[in-house]
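K.L.:
generate a structure from the sequence data that follows.
(2 chains)
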Amino acid sequence: MTDAAATPDDEERPLHRLDPIRPEARGFQGLRAGVVTRTLAGAIDYALMASLTFGTWLGIAILQFLVDPRAFEVPAWPFIYFVVLGYCYMVLYLTVGWATVGRSIGSRLLGLRVVGRKGAKLSWPLAFVRASLCTLVLVAMFWCIVSRENRSVQDILLRTSVIHDWPVRKEFRVTDVGSRSDL
Amino acid sequence: MTDETGAPRPGDEQPRALPVVRQRAPRLPAAVEAPLDIAVGAAVVVTRPAVAVTSAVAQSLAPVARSVWGLVSRPPLVPERFTAGYAVDRLTERGRAVRFAAGEDLTVISDDTLDYVVPEGLTRVLDRIDLTQLVLQRVDLERIVTEVLDRLDLTELVLERVDLAAVVNTAVESVDLNTLIRTQVDVAGLAEEVIDEVDLPEIIRDSTSGVATVVVDSARLSAVSGDELINRWVDRILLRRKARQTDAPGEPQSMRRSDD
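P.N.:
Numbers count the residues shown, from 1 in each chain, chains lettered A, B, ... in the order given. Model (predicted):
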């Protein structure tokens, strides 16, 4: 479509949303996710944060080597350092993800989204509290196995939900055929 | 009241008949024509009463005349062959024979003559009439055409006799198809209908999604199947009869319509 043909009629023409979601997946969009999906998403997030934590340690080691190669020794961090750093990364990462787009990378890959009690995005404080709880009491997530509403303990406490909401691409505008013929 | 061909249009109450005979022979001069007409008129006036009186007298005297003629033509006591009636009968037979022979001659002659006379006469007749006008006035053309079309298999005829490819090619070459479609066809409406009928999102999804998307979608669907499996088993173990209430508030972004 040429630029000249794109205005101004396109403003009045309804925008056609091309739903790229598979037909077989449309039925469960908006429903709360089960344990398998949530575990996989969480595993991806944990793997990412574990990699980031290990990467931090590795980066520091390389930096020390570059600064003073002669005095270089592999930094011997106690395990608790890794745990604390990983916890902080995880909380920060999940807080930012849930408060901004409602998803972490793992959630995005598995097509999940975290919403509040009215279906909206979490506020920053709520996202922070949920991230802290989820990371601290990981096992509480598995309550969704027995919950009638597929809710974890954190979800029950904070009245949040993890729903199937597959990410979709940007909206497409169906090209006006009449204008296309001008090409 | 009539169209260019002179044919009466439907709806006209009384179509005016146009003259179809072309007058070719010149009329007589007025100086000759008037006295001639007077003479003919006078003759008619005088002759008609005379003829009427004569025929009346003849009718009244006819029985007497027939009796007298019978007596005179075959008088009594006169041999038959010497009577006037006998002579008259012979003459009648002779005359009839001659007339029939002449009739046969005339038939023989007439075939040759007609070959010459008919075309010549017909040509002259046709020169003097407007045949087209006559047909248009007197012939039910619609009925004839209908009758002909009923008898003909027009489709078969066209397929046999017409070079359809040439006709179509010529038509397509002489018509600006783009302009025609743009002016005569509601292209936008057509496109909308096609888009409504076709699952365009599915086609676009199929054509644009890469292998990675397919893998991710499959993984998601497998995970969902795993969810359902575990939920089913757990519910069965916990002796639950009602299905889980997994509806969440709000509408997922994936199903949100663009015009919301």
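
K.L.:
residue of chain A closest to chain B, please.
P.N.:
Of all residues in chain A, residue A:119 sits closest to chain B, at 1.4 Å by C-beta to the nearest C-beta. Any C-beta I mention is one placed from the backbone N, CA and C, and that applies to glycine too.

K.L.:
Three-state assignment for that residue, please.
P.N.:
Under the three-state scheme (DSSP: H, G, I helix; E, B strand; the rest coil), residue A:119 adopts coil.

K.L.:
hang on, it packs against residue B:251?
P.N.:
Yes: at 6.8 Å, residue A:119 and residue B:251 qualify as touching, with contact defined as C-beta atoms under 8 Å.

K.L.:
mean confidence for the helix or strand hosting residue A:59?
P.N.:
Residue A:59 is part of helix A:35-67, with elements assigned from DSSP states H and E. The average pLDDT within helix A:35-67 is 94.

K.L.:
how far away is residue B:229 from chain A?
P.N.:
Note on residue B:229: its distance to chain A, by C-beta to the nearest C-beta, to the nearest Å, is 8 Å.

K.L.:
so how far is the strand or helix carrying that residue off the chain centroid?
P.N.:
Per DSSP H and E, residue B:229 falls inside helix B:211-237. Between the centre of helix B:211-237 and the centre of its chain there are 74 Å (C-alpha atoms, centre = their mean, to the nearest Å).

K.L.:
tell me the angle of it relative to helix A:35-67?
P.N.:
Put simply, helix B:211-237 runs at 130 degrees to helix A:35-67, going by axes from the mean of the first three to the mean of the last three C-alpha atoms, to 10 degrees.

K.L.:
buried ones in helix B:211-237?
P.N.:
Within helix B:211-237, the residues scored as buried using 16 or more other C-beta atoms under 10 Å in any protein chain shown are B:216, B:217, B:220, B:223, B:224, B:226, B:227, B:231, B:234, B:235.

K.L.:
show me what that helix packs onto, helices and strands only.
P.N.:
If you count contacts as 3 or more C-beta pairs under 8 Å, 6 or more residues apart in numbering or on different chains; DSSP states H and E, helix B:211-237 packs onto helix A:35-67, helix A:105-110.

K.L.:
extract the CA atoms of stretch A:111-129 and return them as CSV.
P.N.:
Coordinates of each C-alpha in stretch A:111-129 appear next as CSV, following Å, rounded to 0.1, in the frame of the first residue of the first chain:
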residue,chain,number,x,y,z
GLY,A,111,2.3,-18.5,27.2
LEU,A,112,1.5,-17.5,30.8
ARG,A,113,0.7,-14.1,32.4
VAL,A,114,0.3,-13.1,36.0
VAL,A,115,-2.7,-10.9,36.7
GLY,A,116,-4.3,-9.3,39.8
ARG,A,117,-7.7,-10.0,41.3
LYS,A,118,-9.4,-8.0,38.6
GLY,A,119,-7.4,-9.4,35.7
ALA,A,120,-5.1,-6.3,35.5
LYS,A,121,-1.3,-6.2,35.8
LEU,A,122,0.2,-6.4,39.2
SER,A,123,1.2,-3.2,40.9
TRP,A,124,4.9,-2.8,41.7
PRO,A,125,4.6,-3.5,45.5
LEU,A,126,2.3,-6.5,44.8
ALA,A,127,4.7,-7.8,42.2
PHE,A,128,7.6,-7.4,44.6
VAL,A,129,5.8,-9.2,47.4
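
K.L.:
ok, residues contacting it?
P.N.:
Contacting residues not belonging to stretch A:111-129 are listed as A:25, A:33, A:37-38, A:41, A:91, A:94-96, A:98-103, A:107, A:130, A:158-167, B:220, B:248-253 [C-beta atoms under 8 Å, 6 or more residues apart in numbering or on different chains].

K.L.:
can you give me the helices for the stretch 51-200 of chain B?
P.N.:
Counting by DSSP state H, counting those that start in this stretch, the stretch 51-200 of chain B has these helices, from start to end: B:84-128, B:131-138, B:141-151, B:154-161, B:164-174, B:177-184, B:187-197, B:200-208.

K.L.:
out of those, the one nearest residue B:37 is which?
P.N.:
The closest of the helices of the stretch 51-200 of chain B to residue B:37 is helix B:84-128. By C-beta to C-beta, the value is 23.8 Å.

K.L.:
where does the chain have low pLDDT?
P.N.:
Since you didn't name a chain, this refers to chain A. A:1-20, A:169-183 (pLDDT under 70).

K.L.:
hmm, no, I was thinking of chain B.
P.N.:
Within chain B, the stretches with pLDDT under 70 are B:1-27, B:109-110, B:201, B:204-210, B:256-260.

K.L.:
just the closest residue of it to chain A, please.
P.N.:
For chain B, C-beta to the nearest C-beta, closest residue to chain A: residue B:250, 1.4 Å.

K.L.:
what's the burial count for that residue?
P.N.:
Look at residue B:250: counted by other C-beta atoms under 10 Å in any protein chain shown, it has 18 neighbours.

K.L.:
distance of it relative to residue A:92?
P.N.:
Applying C-beta to C-beta, to the nearest Å, the value for residue B:250 to residue A:92 is 26 Å.

K.L.:
now swap in residue B:79 and tell me
P.N.:
167 Å.

K.L.:
and what of residue B:95?
P.N.:
From residue B:95 across to residue A:92, the span is 147 Å (C-beta to C-beta).

K.L.:
cool, residue A:114 as well?
P.N.:
16 Å.
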